[in-house]
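**Student:** Sequence below, structure please.
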Amino acid sequence: MTASILGGCSLAGTHDDSKPACTAGFDIGRAAETLGSADRFFTEYQNAEKRAEPVRLGDITRAAGWSDDWVRMVEVPPNITERDLNRDAGTSENCWRGLPRGDGSDHTVYGYYLFVKNEGGPMKTVPVQSVRWPKAVRVVGFENRRALAIDTLLLPDHGGLVPAP
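**Tutor:** Predicted coordinates:
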């Protein structure tokens, strides 16, 4: 089941009194594990790092028992704006709830990885599942990319994995 997605919500940094506040958009922090277990994803990612061999991101999710009903993974760091997330995810003015925020203190702040799929054509993507960074640490390296595809090749690099150039 895909999470509810409603348009018509105002984007962060804009103000339009004709649009309602975001109350029913995709909730990053409360998304169901539609594709599979977040814990199994991170376990399989760590296993791939230990093997120190090239691997496709989709092979990691399949090893974790996930379905292939996604096309791209997007990083959702603290303080990302709705506008930037919509750009990175390829969504069109999607309404987002539960975006991670930094509070300016020494408190631990979490981020997420958002998985999206094509729906209604290759140019329209919708959110499917988000997984919170374990222990407030980015696990997946994006190397200045906005998103990684299901077929992105990850290469061993100093004990971790990075996307192939």
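
**Student:** which stretch of helix or strand covers the spatially most central residue of the chain?
**Tutor:** In the chain, the centroid-proximal residue (CA atoms, centre = their mean) is residue 114; its distance is 1.5 Å. Secondary structure assignment for residue 114, by DSSP states H and E: strand 112-118.

**Student:** do residue 130 as well
**Tutor:** In this assignment (DSSP H and E), residue 130 forms part of strand 125-132.

**Student:** What of residue 44?
**Tutor:** The secondary structure element spanning residue 44 is helix 38-51 (assigned by DSSP H and E).

**Student:** What is the distance between that helix and the centre of its chain?
**Tutor:** In this view, helix 38-51 has its centroid 16 Å away from the chain centroid, taken as CA atoms, centre = their mean, to the nearest Å.

**Student:** how much space between residue 82 and residue 97?
**Tutor:** Noted for residue 82: a distance of 10 Å to residue 97, by CB to CB, to the nearest Å. Using the backbone N, CA and C atoms, a C-beta is placed for each residue, glycine as well.

**Student:** neighbour count winner among those two?
**Tutor:** With other CB atoms under 10 Å as the criterion, residue 82 and residue 97 differ in neighbour count, and residue 82 comes out ahead with 22 against 17.

**Student:** just to revisit the earlier point, beta partners of the residue nearest to the centre of the chain?
**Tutor:** For residue 114, the residues forming beta bridges with it (DSSP bridges) are residue 74, residue 130.

**Student:** before we move on, back to that, taking helix 38-51 as reference, get the angle to the strand holding residue 130.
**Tutor:** If you take axes from the mean of the first three to the mean of the last three CA atoms, to 10 degrees, strand 125-132 sits at 80 degrees to helix 38-51.

**Student:** Just want the angle from the strand holding residue 114 to strand 125-132.
**Tutor:** Here the directions of strand 112-118 and strand 125-132 differ by 160 degrees (the same axes, to 10 degrees).

**Student:** Now do strand 112-118: everything it contacts.
**Tutor:** Under the criterion CB atoms under 8 Å, 6 or more residues apart in numbering, residues 28-29, 35, 69-76, 85, 89-91, 100, 124-133, 140 lie in contact with strand 112-118.

**Student:** Could you list the buried residues of it?
**Tutor:** 112-117 (16 or more other CB atoms under 10 Å).

**Student:** go on, stretch 151-159?
**Tutor:** Within stretch 151-159, the residues that qualify as buried by neighbour count (16+ other CB under 10 Å) are 152-154, 156.

**Student:** So what touches the helix or strand following the helix holding residue 44?
**Tutor:** Beyond helix 38-51 on the C-terminal side, the first helix or strand identified by DSSP H and E is strand 55-56. Outside strand 55-56, the residues within contact range by CB under 8 Å, 6+ apart are 48, 150-154, 161.
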